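Q: Any chance you can model this:
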Amino acid sequence: MSDILLETERLRLRRFAADDADHLFALDNDPAVMRYINGGTPTPRKVIEQQILPSFLRYADATPGFGFWAAEEKATGDFIGWFVFRPTGDTTDEVAIGYRLHRAAWGKGYATEGARALIDRGFGEWGVERVVATTYEENRASRRVMEKLGMRYVRSFRYSAEEIRTSDTSYTDAADVWPGEDVIYAIDRAAWESQEAKRGLHIRLYRSADAEAVSAIIRETMRVSNSADYPLEQLQPLIDYFSPAKVEQINRTRTCLVAEENGQLVATAGLEENEVVTFFVLPDQQGQGIGSALLQQLEAYARAQGIPALRLDASLTGKPFYARHGFQLTGDVVAGTAGPQVSMRKQLR
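A: So this is what the prediction gives:
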């Protein structure tokens, strides 16, 4: 398993290591950093070494994507703080996000940049349905970050003395740190998908002029993504099949959608009667909600045509994506050109 979770334009998020104790000790002993967390109370080094860092490290072998991640500035390699993205319960339907950054990293948009990348991955790849975050009611900076992420205020609450005492992210010697309340913000999948659509993603019907770009999307996705589950030599006949001329020919008899971002085609999907026959998102665009938005639009077209249910034969690569979006296995295995595929079905409401 890679130690690097993801990289943004300016940040790198990696797993914590045993030698990060110095980083955490410096971070948690800056009164300004800890002002709204434990009132600026100094954190003993033994608490870092025996409680907080071990808690962070326990996630090292957990489900990929969830846990605590050290944040580094890509330009310098400097440790600037951390982000957390972990389930609030026994499933990954609802996940809590949080962060703690050095003062030198404040005011640069790093909190928004790192948190947005995690939220996009959570909804786009990891099947998350809701993301929540908490902060002290007077922490205006954190509340502004949450609002920039599209999160909205849900309610206020008070931590109990037991919750304060047993926190795995901070230390305090007081049972009641604040006279005020903390606040919860949240964003769900529907709100995120709506937000993504406003970022410049446009989904429309295929046009003949799109044939070359659609061919390139299909071929590149097979070559990069599907080759993780099927031998490339078995994929090659399919890669060769989807030439621009063949794409134009087959899309004359089916409903074909394309997703366009900032003028570039990045994904395509095809519907033939009640069957999803093609569905491809460029590898470097995956995990950003494009596939979710495209599938949602394809389902809307199917409903408009009175189709009660959709079916498809999913590749091993695509099966997890379709399962996260409500498609269920029928139990049938199909011998595809490149290898086995599994039949799936979704009832449309």
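Q: what sits against the spatially most central residue of the chain?
A: Among the residues of the chain, the one closest to the centroid is R121, at 1.3 Å (Cα atoms, centre = their mean). If a contact means Cβ atoms under 8 Å, 6 or more residues apart in numbering, then R121 has 6, 65, 287 as its contacts. All C-beta atoms are positioned from the backbone trio N, CA, C, and that covers glycine.
Q: That one: what secondary structure?
A: helix (DSSP: H, G, I helix; E, B strand; the rest coil).
Q: ok, now how distant is it from D173?
A: 37 Å (Cβ to Cβ, to the nearest Å).
Q: do the same with P244
A: For P244 relative to D173 (Cβ to Cβ), the value is 69 Å.
Q: more crowded one of those two?
A: P244 (15 against 10; other Cβ atoms under 10 Å).
Q: The more buried one contacts S208, doesn't it?
A: No - between P244 and S208 there is no contact under Cβ atoms under 8 Å: 9.9 Å.
Q: Now list whatever residues contact both of the two.
A: Joint contacts of P244 and S208 (Cβ under 8 Å, 6+ apart) do not exist.
Q: Quick one: neighbours of G89, just the number.
A: 9.
Q: ignore the last one, Q328
A: 12.
Q: is it in a bridge, and if so with what?
A: R345 (DSSP bridges).
Q: Who are the contact partners of it?
A: Residues near Q328 by Cβ under 8 Å, 6+ apart: 344-346.
Q: give me the low-pLDDT residue ranges for the stretch 201-349 of the chain?
A: The stretch 201-349 of the chain contains residues with pLDDT under 70 at 349.
Q: Tell me where it has strands.
A: For the stretch 201-349 of the chain, the strands defined by DSSP state E, counting those that start in this stretch occupy 201-205, 255-261, 264-272, 275-281, 309-314, 328-335, 340-347.
Q: export those strands to CSV and tack on distance to L57?
A: CSV is the format used below for those (distance: least, Cβ to Cβ, whole Å):
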stretch, distance to L57
strand 201-205, 38
strand 255-261, 38
strand 264-272, 37
strand 275-281, 34
strand 309-314, 36
strand 328-335, 36
strand 340-347, 37
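Q: of all these, which lies closest to D19?
A: With Cβ to Cβ as the measure, strand 275-281 is the member of these nearest D19 (38.1 Å).
Q: Remind me what that closest one packs against, helices and strands.
A: With contacts taken as 3 or more Cβ pairs under 8 Å, 6 or more residues apart in numbering; DSSP states H and E, strand 275-281 sits against helix 211-224, strand 264-272, helix 290-304, strand 309-314.
Q: quick one: buried residues of stretch 270-288?
A: Going by neighbour count (16 or more other Cβ atoms under 10 Å), the buried part of stretch 270-288 is 270-271, 276, 278-282, 285-288.
Q: so which of the residues you listed comes closest to A228?
A: Q286 (11.8 Å).
Q: wait, doesn't the closest one sit right on A228?
A: No - look at Q286 against A228 with Cβ under 8 Å: they stay out of range, at 11.8 Å.
Q: Buried by neighbour count: which residues of stretch 254-272 qualify?
A: 255-261, 265-271.
Q: Tell me where the stretch 51-200 of the chain has helices.
A: 53-57, 110-124, 140-148, 161-165, 189-197 (DSSP state H, counting those that start in this stretch).
Q: Output those as CSV; include the columns mean pLDDT.
A: As requested, the helices of the stretch 51-200 of the chain are exported to CSV (pLDDT from 0 to 100):
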stretch, mean pLDDT
helix 53-57, 92
helix 110-124, 90
helix 140-148, 93
helix 161-165, 81
helix 189-197, 83
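Q: Which one, of those, ends up nearest to P179?
A: Closest approach to P179 among those is made by helix 161-165 (13.5 Å; Cβ to Cβ).
Q: what stretches of the stretch 51-200 of the chain score poorly on pLDDT?
A: Applying pLDDT under 70 to the stretch 51-200 of the chain flags residues 60-64, 175-178, 197-199.
Q: mind running it again at 90?
A: Across the stretch 51-200 of the chain, the ranges flagged by pLDDT under 90 are 58-66, 74-75, 89-92, 107-109, 117, 120-127, 148, 158-180, 190, 193-200.
Q: quick one, strands of it?
A: Using DSSP E, counting those that start in this stretch, strands in the stretch 51-200 of the chain cover 67-73, 79-87, 94-101, 130-136, 152-157, 182-188.
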